[in-house]
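Student: The amino acid sequence is not available; the structure is as follows:
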């Protein structure tokens, strides 16, 4: 009976050892670095059509006004050829933020059409917050100048 008990103890110790090795391998695999995945795909080139005009505040900056975007133009084009004209171009759009305007990096201009003059606002309108909490005008809880009725 003692031999049987010793064999059982050895088998239990062997099973515990195997479990320990498996656990160590699992932990090591979980901690090993994986191949870095790219966060996002590079921006895709797209076609844009719209009126290209100089920015009112800085005539050296050209802006395109399309049906879906108002963006500053950068990249490969000749300003004198496209300014003041309807233009078809291909490029990569970089979305604007609250402090930076949208921009299109032009890869090619495919067509320069008729004269135009429509412009757009590069930056979106900002909120005019009042005091703490950024309350908008009109949300103060009453009509300015109105006397309370008793």
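Tutor: That came through fine. What you see is a predicted model; the values in this text were computed from it and never measured.
Student: Where does the closest residue to residue 103 other than its chain neighbours sit, in terms of helix or strand?
Tutor: Spatial nearest neighbour of residue 103, chain neighbours left out: residue 72 (4.4 Å); criterion: CB to CB, 6 or more residues apart in numbering. Every C-beta, even on glycine, is put in place using the N, C-alpha and C of the backbone. Applying DSSP states H and E as the criterion places residue 72 in strand 70-75.
Student: Tell me the buried residues in that strand?
Tutor: Of all the residues in strand 70-75, those buried under the rule 16 or more other CB atoms under 10 Å are 70, 71, 72, 73.
Student: Count the neighbours of the nearest residue to the second one once chain neighbours are set aside for me.
Tutor: Same thing as residue 71. In space, and not counting its chain neighbours, residue 71 is closest to residue 102: 4.2 Å by CB to CB, 6+ apart. By the measure other CB atoms under 10 Å, the count of residues near residue 102 is 18.
Student: Which pLDDT does the model give residue 102?
Tutor: Predicted confidence (pLDDT) for residue 102: 90.
Student: Residue 77 too?
Tutor: pLDDT for residue 77: 89.
Student: Please give me every residue in contact with it.
Tutor: 89, 106, 109 (CB atoms under 8 Å, 6 or more residues apart in numbering).
Student: repeat for residue 48
Tutor: 64, 66, 69, 71, 88, 89, 90, 91, 93, 104.
Student: For residue 123, grab the count of nearby residues.
Tutor: If we define neighbours as other CB under 10 Å, then residue 123 has 13 of them.
Student: Grab the nearest non-local neighbour of it.
Tutor: Leaving aside its chain neighbours, residue 123 sits nearest to residue 101 (5.5 Å; criterion: CB to CB, 6+ apart).
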